[in-house]
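S.K.: quick one: sequence and predicted model below, then my questions.
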Amino acid sequence: MSAATLDVARIQADFPILKRQVHGKRLVYLDSASSSQKPIQVLDAMDRVYRESYANVHRGVYTIAEETTAAYEAARGKVAKLLGAASAKEIVFTKNITEAINLVAYSWARANLRAGDAIVVTEMEHHANVVPWHILAAERGVELRWIPLTPDYQLDTTKLDDLLDGAKLLAVTAASNVLGTINDLRQLADAAHAAGARVLVDGAQAVPHFPVDVQAWDADFVGFTAHKMLGPSGIGGLWARPELLEEMPPFLGGGEMIREVTKEGFLPNEVPWKFEAGTMPIAEAIGLGAAVDYLSALGLDAVRAHEKSLTKYALDRLTDRFGDRLRIDGPRDIEVRGGTISMVLEGIHAHDVAQVVDEEGVCVRASHHCAKPLMRVLEVPATVRASLYVYNDEADVDALVEALSKAEQFFAI
Amino acid sequence: MPGLEDLYREIILDHYRAPRNRGELPVPPAHRVEGFNPLCGDEVILYLELDDGVVTDVRTAGQGCSISQASTSMMSAAVKGRSVSEARRIIDAFLALMHTHETHLEGTPDSATGNGDGSAADDVRLGDLAALQGVVKFPVRIKCATLAWYTLLQGFDEAGA
Ligand SMILES: Cc1ncc(COP(=O)(O)O)c(C=O)c1O
């Protein structure tokens, strides 16, 4: 174990919702891969915006407008630092990562891809990193190619060079929201760049959980979403290489994204505001800034160390208790995986499992997790997913194991 | 707060563990119809043998959660041997029991059969099917319970029955 780890009891005290009970039981929240809970520091930061210093940003010369603008732009700077960006101007705010990926699809990809070009995606992508490319493929006659999985749920890169031959973009997740797999992005980016393709990274499940450095990845675009990283819903964003942001046409048109508008046309604003049309989610951006402060204070290395040891504990306990009756869809090696654990309990549908464990206060997700192509590869309609985060501890894992046992007894044939 | 016993009544678990009328029928003469819930991946396949306005045989296949599987089994038992018009009244009554709000929003009238006056639902005795009423307290599971029934309606419509 590394020296830096988390004081989970102290962290739990920061999350008001964890004091809640459901069905008379302690709330055991194991669905952070879907959306995380929020610490009081984030709630307070957002509350303060509205109570003390709220105005629209970039528009007023009065004091509170300047204060709000400064806080909004400070949040951008915090995100830039977290991601290892060279400048805050490389961060564009969007409403979530879905919008960030669509921004790349509508702006960069439509300016750069034409019929016959290829986009390479992987079998473990979330729909957010599939459907925008399907739309583009249908519209432009672009070909979608798929990197398959190995039997131990990692990307099978044996045919990577063939797949990348003639590709303009590799769109890949840094970490799977179903399998927990963490991908070796540098290797993928090097191969893509050697083939002349750009690299878009879905960072939704990475940025909240381990140190991310967009330079070390050598990525071209990286998306993130605040609600999975202790921040509010309604805000996310895109990091991109500054030269790409400069040459990309605007995505949404309207106020704030312009420098000049006449009857004849318009001149776009500078990067990154060129991509921030209309009034943005102001309090949410400031809440995201507070979430980044919180995560940075914990230290992403310590977050990763905590999740690794808790994931190992969970995998061991689940295997001890259920053996072959529980299939875990994801790598066993905790070095290449995060704390997202997808399970199929023999003979019991995921919805039934989730319903029974809810009775015990345990929140897990039962679904296709917006990764239907992956579900087809796994040959299941849905899995039960438990996902671990900074506020989870061994008692939560124990509660999960007991609740799953109840589900097994309940549906015993 | 509704509890598990409201949802998983003993009779439901019984149909889930020992589903009635599982299997297939040769097509034709039987009609095959498929229903799918894209949200959870549940799938119901019905084989319907219709003879002179009577549901002479029903077989079911597919996969899904206990609620969707039990509801499929109970439905097959409820309509087998009945006339199509009786079966349509049972469907009406069952869907009314589920009072599926989205049904109304999607514009399907209460009388999904189009050959009854809706109030007919009141006279139908649902028997065991009433055990599924607890599902209404778990709104996300209503679709699980109604899947087989909409599939049956679709089967009747496709067969022109
Ligand atoms: C890997 C991954 N990508 C994208 C998304 C979409 O995130 P959002 O809904 O915030 O746009 C998610 C969240 O479900 C995810 O897990």
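M.R.: Yep, it's here. On a predicted model such as this, the values are computed, not experimentally measured, just so you know.
S.K.: hang on, isn't A:Gly338 packed against A:Ala204?
M.R.: No. At 11.7 Å, A:Gly338 does not count as touching A:Ala204 under the criterion of CB atoms under 8 Å. Placement of C-beta: from N, CA and C, glycine included.
S.K.: would you map the strands across the stretch 251-400 of chain A?
M.R.: Using DSSP state E, counting those that start in this stretch, the strands of the stretch 251-400 of chain A run over residues A:258-261, A:266-268, A:326-328, A:340-345, A:362-363, A:365-367, A:383-387.
S.K.: need the nearest residue in space to the residue in the stretch 251-400 of chain A positioned nearest to the ligand, chain neighbours excluded.
M.R.: Nearest residue of the stretch 251-400 of chain A to the ligand (CB to the nearest ligand atom) works out as A:Cys370 at 5.6 Å. For A:Cys370, the nearest residue in space outside its immediate sequence neighbours is A:His127; the separation is 4.4 Å by CB to CB, 6 or more residues apart in numbering or on different chains.
S.K.: distance-wise, check the one you found relative to chain B.
M.R.: 12 Å (CB to the nearest CB, to the nearest Å).
S.K.: quick check: domain ranges of chain A?
M.R.: Taking automatic domain parsing as the criterion, chain A consists of the domains A:8-30+A:299-412, A:43-297.
S.K.: need those domains in CSV with mean neighbour count and mean pLDDT, can you?
M.R.: Rendered in CSV, the data for the domains of chain A read as follows (neighbours: other CB atoms under 10 Å in any protein chain shown; pLDDT from 0 to 100):
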stretch, mean neighbour count, mean pLDDT
domain A:8-30+A:299-412, 19, 95
domain A:43-297, 20, 97
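S.K.: what helix or strand is A:Ala171 located in?
M.R.: Under the criterion of DSSP states H and E, A:Ala171 resides in strand A:167-173.
S.K.: quick one: strands adjacent to that strand?
M.R.: Strands flanking strand A:167-173 in the sheet, each with its direction: strand A:118-122 (parallel), strand A:198-202 (parallel) (DSSP bridges).
S.K.: report whether the last one contacts the ligand.
M.R.: Looking back up the chat, that one is strand A:198-202. Yes. When contact is scored as CB under 6 Å from any ligand atom, part of strand A:198-202 falls within range of the ligand: A:Asp202.
S.K.: ends of stretch B:58-69, how far apart?
M.R.: Stretch B:58-69 has an end-to-end distance of 15 Å (criterion: CA to CA, to the nearest Å).
S.K.: what mean pLDDT does it get?
M.R.: For stretch B:58-69, the mean pLDDT works out to 92.
S.K.: remind me what the helix or strand harbouring A:Ala216 packs against, helices and strands.
M.R.: If you go by DSSP H and E, A:Ala216 is part of helix A:214-217. For helix A:214-217, the contact count by 3 or more CB pairs under 8 Å, 6 or more residues apart in numbering or on different chains; DSSP states H and E identifies helix A:185-194, strand A:198-202 as packing neighbours.
S.K.: what's the offset of that helix from the middle of its chain?
M.R.: Here the centre of mass of C-alpha atoms in helix A:214-217, compared against the chain's by CA atoms, centre = their mean, to the nearest Å, lies 17 Å away.
S.K.: mind listing residues that contact the helix or strand following it?
M.R.: Moving toward the C-terminus from helix A:214-217, the next helix or strand (DSSP H and E) is strand A:221-225. By CB atoms under 8 Å, 6 or more residues apart in numbering or on different chains, the residues outside strand A:221-225 that reach it are A:79, A:83, A:96-98, A:100-101, A:104, A:108, A:174, A:198-204, A:207, A:212, A:214, A:236-241, A:244.
S.K.: any idea how far B:Gly64 lies from the ligand?
M.R.: In this view, B:Gly64 and the ligand are 24 Å apart by CB to the nearest ligand atom, to the nearest Å.
S.K.: helix, strand or coil for A:Gly237?
M.R.: Following DSSP: H, G, I helix; E, B strand; the rest coil, A:Gly237 is assigned to strand.
S.K.: ok, back up a step: could you dump the strands paired with strand A:167-173 to a markdown table with distance to A:Met257?
M.R.: Output for the strands paired with strand A:167-173, formatted as a markdown table (distance: least, CB to CB, whole Å):
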| stretch | distance to A:Met257 |
| --- | --- |
| strand A:118-122 | 26 |
| strand A:198-202 | 21 |
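S.K.: out of those, which gets nearest to A:Gly24?
M.R.: With CB to CB as the criterion, A:Gly24 lies closest to strand A:198-202 of the strands paired with strand A:167-173, at 38.8 Å.
S.K.: angle of the closest one against helix A:185-194?
M.R.: Counting by axes from the mean of the first three to the mean of the last three CA atoms, to 10 degrees, strand A:198-202 lies at 150 degrees to helix A:185-194.
S.K.: distance from the chain centre to strand A:198-202, please.
M.R.: Taking the mean C-alpha point of strand A:198-202 and that of its whole chain, the gap between them comes to 13 Å (CA atoms, centre = their mean).
S.K.: by mean pLDDT, flag the weakest helix or strand of chain B.
M.R.: In chain B, no helix or strand scores lower on mean pLDDT, DSSP states H and E than helix B:101-105, which sits at a mean of 44.
S.K.: buried residues in the helix or strand just after that one?
M.R.: If you walk from helix B:101-105 toward the C-terminus, the next helix or strand you reach (DSSP H and E) is helix B:142-158. Within helix B:142-158, the residues that qualify as buried are B:142-153, B:155-156, counting by 16 or more other CB atoms under 10 Å in any protein chain shown.
S.K.: mind checking the pLDDT average for helix B:142-158?
M.R.: The average of the pLDDT scores along helix B:142-158 is 93.
S.K.: my guess is A:Thr181 contacts A:Arg332. True?
M.R.: No. In this structure A:Thr181 lies outside contact range of A:Arg332 using CB under 8 Å: 11.1 Å.
S.K.: just the C-alpha atoms of the helix holding A:Ala216, please, in PDB.
M.R.: The C-alpha atoms that make up helix A:214-217 are tabulated as PDB, following Å, rounded to 0.1, in the frame of the first residue of the first chain:
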ATOM      1  CA  VAL A 214      -3.700  14.800 -21.300                       C
ATOM      2  CA  GLN A 215      -0.100  15.500 -22.400                       C
ATOM      3  CA  ALA A 216       1.100  12.100 -21.100                       C
ATOM      4  CA  TRP A 217      -1.800  10.400 -23.000                       C
END
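S.K.: and the residue nearest to A:Cys370, how far is that from the ligand?
M.R.: From A:His127 across to the ligand, the span is 8 Å (CB to the nearest ligand atom).
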